[in-house]
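*Asks:* Would you be able to build a 3D model of this:
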Amino acid sequence: MATLLQRARAIVQPYGLASRSFSGSLPAIARASNLNRTPSSSSETLNPPFYLPLSSLLPRKPGEPRASSKVVSLDPSVFSHPIRNDILHAAVVHYRDGLRQGSASTKTRAEVSGSGRKLRPQKGSGRARLGDRGSPMLRGGGRAFGPKPRDFSTKLPRKVIEMATRVGLSAKVKEQSLCVVETLQWPGSKTKDLATRLADLSWNDKILFVCGQHVPKTLRRSASNLQGVETMGAEDLTVYDIVSNKRIVLDLAAVEWLEKKFGKSNVPLNVMPLVPLQILEDPAPSATQ
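*Replies:* Below is the predicted model:
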């Protein structure tokens, strides 16, 4: 029978409670107030959610509690999927194939301008045989086996693309490069203010802000002149966007949209306070034992 210490360690998630992207420190072992939730209906899966600290893009006001003192419950089928590099590779290749224009075009010997008359007799001149002016051997002639407009797009099953999205999000969580904020509403439109805030958060790499609904106008205008900072809606998110950006920042609406589209565990989205978990060591054996 497992001891109390072993059972307590089993319910604590191995990652997600200490991210270097959040200001402040978190306890090494922590829990949410309703960690041991039971499914509300028999149709729900028994897979437990895992928890990620809630960050904040807005500067903290004096007297306001830190955002990292709260955690958000995430669907493990979306944000804790087993890592499959082959699935990610197939989805990225499929996406990039669709981006190719395929508009390269050259003229064959039948399409170049010029007479179709044979330049010299086949025999008797002592020189090599030669056809008309459009021969690929001549300067200004047609191109032999040259490119023509074509479609480079490839097919990939929809379920594979959905799995790749789950794998990409899970990989970002494992790398501690995925952050969840309550809202992406930015108070101003100055690029300098947003750049200063990102520097305070040590978010100096490529960042992608994903909004569940429309992207706030102030955030779009502030981030438009920042190199390496992009904004988009959750419905436009692709696997290539996930893997090509170092850090992904989701608001709660985006998390809800992604879990509704790709989730399989029916885990409700909740924001809960972080409560330290008291671990009791095993009592020392008595002398009579």
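*Asks:* which residues does Arg221 contact?
*Replies:* Ser189 (CB atoms under 8 Å, 6 or more residues apart in numbering). C-betas here are computed from N, CA, C, even on glycine.
*Asks:* What does it show for phi and psi?
*Replies:* Dihedral angles phi and psi of Arg221 (degrees, to the nearest 10) take the values phi -70, psi -40.
*Asks:* Which helix or strand lies directly C-terminal to the helix or strand of the chain with the lowest mean pLDDT?
*Replies:* Ranking every helix and strand in the chain by mean pLDDT, DSSP states H and E puts strand 30-32 at the bottom, with a mean of 40. Going down the chain from strand 30-32, the next helix or strand is strand 50-55, by DSSP states H and E.
*Asks:* Could you measure from Leu198 over to Glu175?
*Replies:* Leu198 sits 18 Å away from Glu175, going by CB to CB, to the nearest Å.
*Asks:* Which residue of those two possesses the greater neighbour count?
*Replies:* The neighbour comparison of Leu198 against Glu175 (other CB atoms under 10 Å) goes to Leu198, with 20 against 11.
*Asks:* right, and that one touches Asn204 too?
*Replies:* Yes - contact criterion CB atoms under 8 Å: Leu198 and Asn204 qualify, at 7.2 Å.
*Asks:* need the contact list for Pro149.
*Replies:* When contacts are counted by CB under 8 Å, 6+ apart, Pro149 touches 102-105.
*Asks:* mind redoing it with 10 Å?
*Replies:* Each residue near Pro149 by CB atoms under 10 Å, 6 or more residues apart in numbering is listed here: 101-105.
*Asks:* Present those as JSON lines; the columns should include neighbour count, pLDDT and secondary structure.
*Replies:* Putting the contacts of Pro149 into JSON lines (neighbours: other CB atoms under 10 Å; pLDDT from 0 to 100; DSSP: H, G, I helix; E, B strand; the rest coil) gives the following:
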{"residue": "Gln101", "neighbour count": "9", "pLDDT": "95", "secondary structure": "coil"}
{"residue": "Gly102", "neighbour count": "13", "pLDDT": "95", "secondary structure": "coil"}
{"residue": "Ser103", "neighbour count": "9", "pLDDT": "96", "secondary structure": "coil"}
{"residue": "Ala104", "neighbour count": "11", "pLDDT": "97", "secondary structure": "coil"}
{"residue": "Ser105", "neighbour count": "12", "pLDDT": "97", "secondary structure": "coil"}
